[in-house]
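The following comprises the amino acid sequence and a computationally predicted model.
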Amino acid sequence: MTEPSMRDRMLAGELYIADDPDLIRENERAQRLTHAINTSNPTDRERRRELLTELLGGFGEDSGRTIGSADSQAS
C-alpha cells in the first residue's frame, strides 16, 4: 500500500509537510485566481463567476450576490 499524499493527509486533518511541491503549485494557482478575482471589473459578472468556479470547483446559481452590489441596493 502506498503512503497517502501530503494533500490527502492535509485534507484528513493529519500532519503533513507544507512545502510539498504539489501543495505549493495548488497554493500558487489559488493565489493567481484570487488576484484575478480581486482585480477584475466588478460589473463583469460572467468573468468573475468563471474565476470563482475555477477557484472553488463549483459555484451555486444564486451565489453571486454581494453586499453593496448595484442589484442589492434599494432605490
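Received it, and whenever you're ready, just let me know what you need.

average model confidence for stretch 34-50?
Throughout stretch 34-50, pLDDT has a mean value of 93.

If we go by neighbour counts, what in it is buried?
By neighbour count on 16 or more other CB atoms under 10 Å, the buried set for stretch 34-50 is 36, 48. Every C-beta, even on glycine, is put in place using the N, C-alpha and C of the backbone.

Now do that stretch: distance to the chain's middle.
Using CA atoms, centre = their mean, to the nearest Å, we find the averaged C-alpha position of stretch 34-50 to lie 12 Å away from the chain's own average C-alpha position.

what's the span of that stretch, first residue to last?
12 Å (CA to CA, to the nearest Å).

any idea which helix is longest in this structure?
The residue-count maximum for a helix in the chain (DSSP state H) belongs to helix 21-38.

Please enumerate the helices of this structure.
With DSSP H as the criterion, the chain has helices spanning 6-11, 21-38, 45-56.

Select, out of those helices, the one closest to residue 63.
helix 45-56 (7.8 Å; CB to CB).

ok, and what's touching the closest one?
30, 33, 34, 36, 37, 40, 41, 42, 59, 63, 64 (CB atoms under 8 Å, 6 or more residues apart in numbering).

Geometric centre of this protein: which residue is closest?
For the chain, the residue whose C-alpha lies nearest the mean C-alpha position (CA atoms, centre = their mean) is residue 55; its distance is 3.1 Å.

okay, the angle between the worst-scoring helix or strand of the chain on mean pLDDT and helix 21-38?
Of all regular secondary-structure elements in the chain, judged by mean pLDDT, DSSP states H and E, the least confident is helix 45-56 with a mean of 92. Helix 45-56 runs at 160 degrees relative to helix 21-38, counting by axes from the mean of the first three to the mean of the last three CA atoms, to 10 degrees.
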